[in-house]
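Asker: Just to be clear, the model below is a prediction. Sequence and coordinates:
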Amino acid sequence: MKLGKIIQILDAEILCSAKNRLDSNITMVCGADLMSDVLAFIKPDTLLLTGLTTPQVIYTAENAGVKVVCFVRGKKPSKETVDLAKEKKITLLTTKTLMFESCGKLYNNGLIGYSDYEK
């Protein structure tokens, strides 16, 4: 699914975006607040939905090959986190939608999760 469509579905705001990222294809979605789960289960080209806004999220995303992070519940990261995301070329979004609802909306529109990926 194109990132632009995901932004529409989640009514998300772009906090920062790597060049030409809005046309990128996202193959899977993962909702997690435990960064150890992200490292254990996430695949490249996955959208990470999280309520955590610390720089650790950006470092974890970089290590996991995640190019897009969306903060749920209307959370917004600090300038330090945004600056780090820009440096690492990671697109940041925020949505007022809860994590559960965000995952459900994306799943209902055809984006798969980890369990479907493994099939």
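Answerer: Yep, that arrived.

Asker: Now do the helices in the protein.
Answerer: Secondary structure of the chain (DSSP state H): helices located at 3-10, 35-41, 55-64, 79-88, 99-108, 114-117.

Asker: and the closest residue in space to residue 90 that isn't next to it in sequence, how many neighbours?
Answerer: If the residues on either side of it in the chain are set aside, residue 90 comes closest to residue 61, at 5.4 Å by Cβ to Cβ, 6 or more residues apart in numbering. Every C-beta, even on glycine, is put in place using the N, C-alpha and C of the backbone. Neighbourhood size, residue 61 [other Cβ atoms under 10 Å]: 26.

Asker: distance of residue 61 from residue 4?
Answerer: 20 Å (Cβ to Cβ, to the nearest Å).

Asker: pLDDT at the nearest residue to residue 52 once chain neighbours are set aside, what is it?
Answerer: Spatial nearest neighbour of residue 52, chain neighbours left out: residue 33 (5.5 Å); criterion: Cβ to Cβ, 6+ apart. Residue 33 is assigned a pLDDT of 95 by the prediction.

Asker: Likewise for the one 10 residues further on?
Answerer: On the pLDDT scale, residue 43 is placed at 85.

Asker: Test my guess that it contacts residue 29.
Answerer: No - the criterion here is Cβ atoms under 8 Å, and residue 43 misses it with residue 29 at 10.8 Å.

Asker: Pull out the buried residues from stretch 62-73.
Answerer: 62, 64, 66, 67, 68, 69, 70, 71, 72 (16 or more other Cβ atoms under 10 Å).

Asker: With that, I have no additional questions.
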